[in-house]
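> Sharing a model that was predicted from the sequence below.
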Amino acid sequence: MTHGFYCILAGVNNAPAWLVTQDDSEDLGFAFDCLIVDAITLDELKEWIYRVIVEMDEFPDYLIDITDVSHKHDLILGYQDIVGFWPYSTLKRTEETALVGIAYARFPDTRDDSISRGKARSALEKSTGLKERFARHFPAISIPVDTGDAADILVSGWWLSGSKKKILTAAEIQTLFINQLATGPLSTQLETATGLKLQVVTNRERMKITLIEPNGTSGHAIDPQAGKGSRGGFLLDNGQEDEYDDVDTVTIPDALNVIGYILAHGTPPQEGWKVDVLGR
């Protein structure tokens, strides 16, 4: 594909060169990083590429090929055929987290399985350099203030009770419960710096999920469709084996959904939940 027409548009200018070649793809890699975490849309990526084309005297043909892509996933999965290599940027982990913060701020429905909204917001607030870099690439895009919701602001991260308060990622927590269902301990408790405690005990058929809030309120997930049966095998940390009514436990798939909701929001779901003790 020729880029002669775009070279005419570019002409001779004094604009700083963009790093978009295979030898140095730092700027293209940053733009790709923004797209992957949904900090920008595919159309916004294309607008940036048009700008690069105009500002550079010479540019690689694959920039034009990128503008022909119709869907984000076609670009990500087909990068080898479209670009020929994966653009690389040198973002630090905190800057990668801050990019997710931009995605949360711009698109409230954004969901990231590994980075909470609160953690991403905090990283963005501290990453002045990242915000300046984003502004250089996308000067027409303003980053709104992400207020989120009250529950999300309260939750800064979860760790395993009794550990050294090492904040766990969503993936690590998921692995934790998968191991629990396989061969791990039947009882697990997570907590946060705000005082929330999430207790989960299983017999590997069903799960008892209890949330204790800082004000003393506690409640547990219920299964109104479970009938009047009960079952045992719920082994606590102290060696005690409990039996619960099925209505007070939930199936494994439903339990994982409830756990995911609590970890993300810091509050129990509105449905399928029973308050046991009212707080102060």
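Sure, I can see it. Residues are numbered from 1 along each chain as shown.

> Am I right that residue 203 is in contact with residue 180?
No. In this structure, residue 203 is not within contact of residue 180 by Cβ atoms under 8 Å, at 11.1 Å. (Glycine included, C-beta is placed from N, CA and C.)

> Overlap in contacts, the two.
residue 186 (Cβ atoms under 8 Å, 6 or more residues apart in numbering).

> end to end, how far does stretch 72-88 reach?
The straight-line separation of the ends of stretch 72-88 (Cα to Cα, to the nearest Å) is 18 Å.

> can you map out the helices along the stretch 101-250 of the chain?
In the stretch 101-250 of the chain, the helices defined using DSSP state H, counting those that start in this stretch lie at 117-126, 128-137, 150-154, 170-182.

> Check which helices and strands the first one sits against.
With contacts taken as 3 or more Cβ pairs under 8 Å, 6 or more residues apart in numbering; DSSP states H and E, helix 117-126 sits against helix 93-106, helix 150-154.

> Could you point out which of those sits nearest residue 265?
Smallest distance to residue 265 across the helices and strands packed on helix 117-126 (Cβ to Cβ): 4.8 Å, for helix 150-154.

> mean confidence score for the closest one?
Helix 150-154 carries an average pLDDT of 39.

> Equivalent analysis for stretch 199-218, please.
Across stretch 199-218, the per-residue pLDDT values average to 91.

> and what of stretch 226-242?
Averaged over stretch 226-242, pLDDT sits at 88.

> again, but for stretch 168-185
In this model, stretch 168-185 carries a mean pLDDT of 74.

> likewise stretch 55-72?
92.

> Would you format the helices of the stretch 101-250 of the chain as JSON lines with distance to residue 225 included?
Formatted as JSON lines, those follow (distance: least, Cβ to Cβ, whole Å):
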{"stretch": "helix 117-126", "distance to residue 225": "32"}
{"stretch": "helix 128-137", "distance to residue 225": "48"}
{"stretch": "helix 150-154", "distance to residue 225": "27"}
{"stretch": "helix 170-182", "distance to residue 225": "21"}
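
> right, so of these, which gets closest to residue 218?
Taking Cβ to Cβ, helix 150-154 is the member of those nearest to residue 218, at 16.5 Å.

> what about the closest residue in space to residue 49 that isn't next to it in sequence, distance to residue 133?
The shortest distance from residue 49 to any non-neighbouring residue, by Cβ to Cβ, 6 or more residues apart in numbering, is to residue 63 (5.2 Å). Residue 63 sits 19 Å away from residue 133, going by Cβ to Cβ, to the nearest Å.
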